[in-house]
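Trainee: The following block contains a protein sequence and its predicted model.
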Amino acid sequence: MCVSVCLQSIFAQFQFSSERVLPSDALRSALAKTFQDEQRFQLGIMDDAAECFEDLLMRIHFHISAESREDICTAKHCIPHQKFAMTLFEQCVCNSCGATSDPLPFIQMVHYISTTSLW
């Protein structure tokens, strides 16, 4: 089973199931198969949850908007980009004179920051 079908099944279970806990076995197996060549998300091995979330969003994008590049997708039907993507602008500022570089825009699903920058 592919990741997309597993997610559809889980979403249906969320909507209609009365179970308190939903099984993730099929999704875990699909992730292991999908990323086998990269040795990521393999069964019995712990991987980063944020990376998994980002990869799931990219797999959904791939299945529903394959014609759009992931870094510039503007398809109205692409749920990952419409609901989760953020456009960030990176810009350098000189500490001495205050000069700034041109802003460099890019799109990300998950933005990683250092915990020390939160203080």
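Mentor: Alright, I've got the coordinates. Numbering: from 1, shown residues only.

Trainee: okay, which residue is most central for the protein?
Mentor: Glu54 (1.8 Å; Cα atoms, centre = their mean).

Trainee: Secondary structure class of that one, three-state.
Mentor: Using DSSP: H, G, I helix; E, B strand; the rest coil, the structure places Glu54 in helix.

Trainee: now the strands for the protein?
Mentor: Using DSSP state E, the strands of the chain run over 86-90, 104-108.

Trainee: Can you add mean neighbour count and give those back as JSON lines?
Mentor: C-beta coordinates here come from the backbone N, C-alpha and C atoms, glycine included. Below are the strands of the chain laid out as JSON lines (neighbours: other Cβ atoms under 10 Å):
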{"stretch": "strand 86-90", "mean neighbour count": "10"}
{"stretch": "strand 104-108", "mean neighbour count": "12"}
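
Trainee: With mean pLDDT and distance to Cys2 as new columns, can the ones you listed be given to me in a markdown table?
Mentor: Converted to a markdown table, the strands of the chain look like this (pLDDT from 0 to 100; distance: least, Cβ to Cβ, whole Å):
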| stretch | mean pLDDT | distance to Cys2 |
| --- | --- | --- |
| strand 86-90 | 89 | 27 |
| strand 104-108 | 87 | 24 |
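
Trainee: that older thread, distance check, the residue nearest to the centre of the chain against Ile10.
Mentor: In this view, Glu54 and Ile10 are 17 Å apart by Cβ to Cβ, to the nearest Å.

Trainee: circling back to that earlier point, can you redo the strands of the chain as a markdown table with distance to Arg28?
Mentor: A markdown table is the format used below for the strands of the chain (distance: least, Cβ to Cβ, whole Å):
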| stretch | distance to Arg28 |
| --- | --- |
| strand 86-90 | 28 |
| strand 104-108 | 25 |
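
Trainee: just so I know, which of those strands lies nearest Cys78?
Mentor: Among the strands of the chain, strand 104-108 comes nearest to Cys78, with 11.3 Å by Cβ to Cβ.

Trainee: tell me the angle the closest one makes with strand 86-90.
Mentor: 150 degrees (axes from the mean of the first three to the mean of the last three Cα atoms, to 10 degrees).
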